[in-house]
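K.L.:
generate coordinates for the sequence data below:
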Amino acid sequence: MDKELIFLFFGMGLVTYLPRMLPMVVLSKIKMPELVLRWLRYIPPAVLAALLVPELLLNQGQWHFSFENHYLLAAVPTFAVAFYVRNLFLPVAAGMAAVVLFRFMQ
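P.N.:
Numbers count the residues shown, from 1 in each chain. This is a model prediction of the structure:
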């Protein structure tokens, strides 16, 4: 391997590792106010909603509320399984099975 490739791999690792490690190191020494901690608890659901809502409700930039929207239909059993099971594998499997089923029924 040439040096450029080694530096490239090292740089990619550094760019991946530093943004995750630095906040943990810096913030582990600081006592954060309860208001900030409560606010931080909303970040994961907000990010998940920001990722899911456009995929479930938009089709080519237009709102798509119909029984032809397989992703929206598959989200219902997927969310139900995720709520009751609290597992990662089963909701993914249920969602994939639901999408296949709804596409097959089309």
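
K.L.:
N87 in helix, strand or coil?
P.N.:
With DSSP: H, G, I helix; E, B strand; the rest coil as the basis, N87 sits in coil.

K.L.:
run a quick neighbour tally on it.
P.N.:
11 (other C-beta atoms under 10 Å). Using the backbone N, CA and C atoms, a C-beta is placed for each residue, glycine as well.

K.L.:
relative to A94, how far out is it?
P.N.:
Using C-beta to C-beta, to the nearest Å, N87 is found at 10 Å from A94.

K.L.:
could you do V53 as well?
P.N.:
From V53 to A94 the distance is 20 Å (C-beta to C-beta).

K.L.:
neighbour count for those two, which is higher?
P.N.:
Remark: of V53 and A94, A94 carries more neighbours, 18 against 10, as counted by other C-beta under 10 Å.

K.L.:
ok, and the closest non-adjacent residue to the more buried one?
P.N.:
Counting by C-beta to C-beta, 6 or more residues apart in numbering, A94 lies nearest to V81, which is 4.2 Å off, once chain neighbours are set aside.

K.L.:
and T78, by the same measure?
P.N.:
Of all residues not flanking T78 in the chain, G95 sits nearest, at 3.7 Å (C-beta to C-beta, 6+ apart).

K.L.:
show the average pLDDT along the lengthiest helix in the chain.
P.N.:
Longest helix of the chain, by residue count under DSSP state H: helix 3-27. Across helix 3-27, pLDDT averages out at 92.

K.L.:
what helix or strand is the spatially most central residue of the chain located in?
P.N.:
In the chain, the residue lying closest to the centroid (C-alpha atoms, centre = their mean) is L48, at 4.9 Å. Element membership for L48 (DSSP states H and E) is helix 43-57.
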